[in-house]
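Novice: Requesting a structural model of the entry that follows:
(one chain, ligands or ions: 3)
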Amino acid sequence: MAPVVVLVGAPGCGKTTVGRALADTLSVEFRDTDVDIEQMAGKPIPEIFIDEGEAHFRTLERAAVAAALAGGTGVLALGGGAVLAEETRAALVGHRVVHLSVELPDAVKRVGLGAGRPLLAINPRATLKHLLDQRRPLYAEVATDTVVTDGRTPAAVVAEVAALLPR
Ligand SMILES: Nc1ncnc2c1ncn2[C@@H]1O[C@H](COP(=O)(O)OP(=O)(O)O)[C@@H](O)[C@H]1O
Ligand SMILES: O=C(O)C1=C[C@@H](OP(=O)(O)O)[C@@H](O)[C@H](O)C1
Ligand SMILES: [Mg+2]
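Specialist: Ligands and ions are numbered 1, 2, ... in the order given. A predicted model of the protein is given here:
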């Protein structure tokens with residue numbers, strides 16, 4: 001069975017937060033490929049970046065996304081960079097994919113100075129701007145729906161995503 005919904009979007013758009021709450025609302029399981037990658041590697045994401053580098057992380061991520069899509073968990077959150085892989089974009093065709101969109105001001109506020117995102121460890125604002133510019137077309141390419149998250153609470157976003165799903 002396919003996941004009920006796959007969430008994509010930039011770091012800080014709320015994939016993990018909204019995904020977990022949405023899964024609760026729908027009484028289905030929640031899966032986050034970042035957690036799966038950490039389990040595969042046996043270490044946190046920042047350590048994978050430090051020890052093996054981003055390319056290795058992306059290899060693990062492609063495998064984690066493919067396994068999770070085949071696994072059929074209810075709500076599936078991807079990492080923000082998963083859509084960079086052509087293979088992953090192709091694998092998402094036919095799934096219900098919701099892009100949680102966020103623009104720079106809210107993304108910066110939300111990711112703050114948190115240590116969990118190695119790509120944003122240096123100059124988070126400039127890096128996020130670059131990531132958003134590079135990835136916006138890729139999120140649009142894979143998404144079946146887009147839900148705006150700027151200035152909205154996670155609960156409001158959850159309700160809008162839930163309303164898109166078949167009952
Ligand atoms: N709609 C929202 N409004 C305000 N803060 C949010 C919203 N969605 C998520 N957050 C907060 O932003 C941070 C990043 O959210 P997270 O779910 O980890 O994003 P992602 O998984 O997309 O990177 C968390 O601290 C979370 O509580
Ligand atoms: O944007 C990215 O390339 C990344 C986003 C992170 O996930 P979130 O989007 O959940 O923060 C995580 O997969 C890793 O740090 C790389
Ligand atoms: Mg996340």
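
Novice: ok, now which ones touch the closest residue to ligand 3 within the chain?
Specialist: Taking Cβ to the ion as the measure, the chain has T16 as its residue closest to ligand 3, at 3.4 Å. Bear in mind the C-beta positions are built from the backbone N, C-alpha and C, glycine included. Contacts here follow Cβ atoms under 8 Å, 6 or more residues apart in numbering; on that basis T16 touches 32, 34, 77.

Novice: roughly how far apart are the first one and T59?
Specialist: In other words, D32. Remark: distance between D32 and T59 (Cβ to Cβ, to the nearest Å) = 18 Å.

Novice: Now for V108: which residues touch it?
Specialist: Contacts for V108 (Cβ under 8 Å, 6+ apart) come out as 12, 124-125, 128.

Novice: Close to ligand 2: what parts of this structure are there?
Specialist: With the criterion set to Cβ under 6 Å from any ligand atom, the chain comes near ligand 2 through 11, 15-16, 34, 45, 79-81, 117-119.

Novice: Just flag the most distant two among the residues you listed.
Specialist: Across those, the two members that end up farthest from each other (Cβ to Cβ) are K15 and P118, 17.0 Å apart.

Novice: Quick check: R117 vs K43, distance?
Specialist: Distance of R117 to K43, given as Cβ to Cβ: 15 Å.

Novice: Report whether the expected contact of M1 with G72 is present.
Specialist: Yes - with contacts defined as Cβ atoms under 8 Å, M1 counts as touching G72 at a distance of 3.8 Å.

Novice: Look at those two and report which has more neighbours.
Specialist: Legend: neighbour count by other Cβ atoms under 10 Å for M1 and G72, higher for G72 (13 against 8).

Novice: More neighbours: K15 and P118, which one.
Specialist: Neighbours were tallied for K15 and for P118 using other Cβ under 10 Å; the higher tally belongs to K15 (28 against 16).

Novice: Wait, the more buried one touches L78, no?
Specialist: Yes - look at K15 against L78 with Cβ under 8 Å: they come within range, at 6.8 Å.

Novice: Overlap in contacts, those two.
Specialist: The overlap between the contact sets of K15 and L78 (Cβ under 8 Å, 6+ apart) consists of 7-8.

Novice: Would it be right to say that H99 lies in a helix?
Specialist: No - residue assignment for H99, taken from DSSP: H, G, I helix; E, B strand; the rest coil, gives strand, which places it outside any helix.

Novice: Let's see the pLDDT reported for it.
Specialist: In the predicted model, H99 carries a pLDDT score of 98.
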